[in-house]
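>>> Any chance you can model this:
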Amino acid sequence: LLLSGPSWAQLMFQSLGASLGAHGAANMHKAESRFVPRRFLRIAVGAAGGSLCSAVTFGKGELDLAGFITSAMLTSLGALLVALSTDP
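Down below sits the predicted model:
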């Protein structure tokens, strides 16, 4: 399975999934869990930054299974770093 670099749809939905996952994980064990839109947007920007890094890394090259996993890891790393840094 080889594709020509990550598509924009893949990166967009990958960022959305990483944002929702990081926000959910950050609020999972809190006594008072509430949705803060500003924090979620910051996490989404971090995930988009990770996706942008993966798009720059792989560019128009061929993307195999290891590339998909690395792309997902870069996206989740961006979301995770912002989620941890914005924890009140």
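
>>> and the residue located most distally from the centre of the chain, helix, strand or coil?
Residue farthest from the centre of the chain, counting by C-alpha atoms, centre = their mean, is residue 31 at 25.5 Å. Secondary structure state of residue 31, per DSSP: H, G, I helix; E, B strand; the rest coil, is coil.

>>> Name the helix or strand for the nearest residue to residue 48 once chain neighbours are set aside, please.
Distance criterion C-beta to C-beta, 6 or more residues apart in numbering; nearest residue to residue 48, sequence neighbours excluded, is residue 15 at 4.9 Å. Yep, even glycine has a C-beta here, placed from its N, CA and C like the rest. Counting by DSSP states H and E, the element that carries residue 15 is helix 8-27.

>>> then that helix to CSV, C-alphas only?
C-alpha atoms of helix 8-27 as CSV (Å, rounded to 0.1, in the frame of the first residue of the first chain):
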residue,chain,number,x,y,z
TRP,A,8,-5.3,17.2,3.0
ALA,A,9,-8.4,15.3,4.0
GLN,A,10,-6.3,12.7,5.9
LEU,A,11,-4.4,15.5,7.7
MET,A,12,-7.6,17.4,8.6
PHE,A,13,-9.5,14.4,10.0
GLN,A,14,-6.3,13.1,11.7
SER,A,15,-6.0,16.5,13.4
LEU,A,16,-9.6,16.4,14.4
GLY,A,17,-9.2,12.9,15.9
ALA,A,18,-6.0,13.9,17.8
SER,A,19,-7.7,17.0,19.1
LEU,A,20,-10.7,15.2,20.4
GLY,A,21,-8.6,12.4,21.9
ALA,A,22,-6.2,14.7,23.6
HIS,A,23,-9.0,16.9,25.0
GLY,A,24,-10.8,13.9,26.3
ALA,A,25,-7.7,12.3,27.8
ALA,A,26,-6.8,15.6,29.5
ASN,A,27,-10.2,15.9,31.2
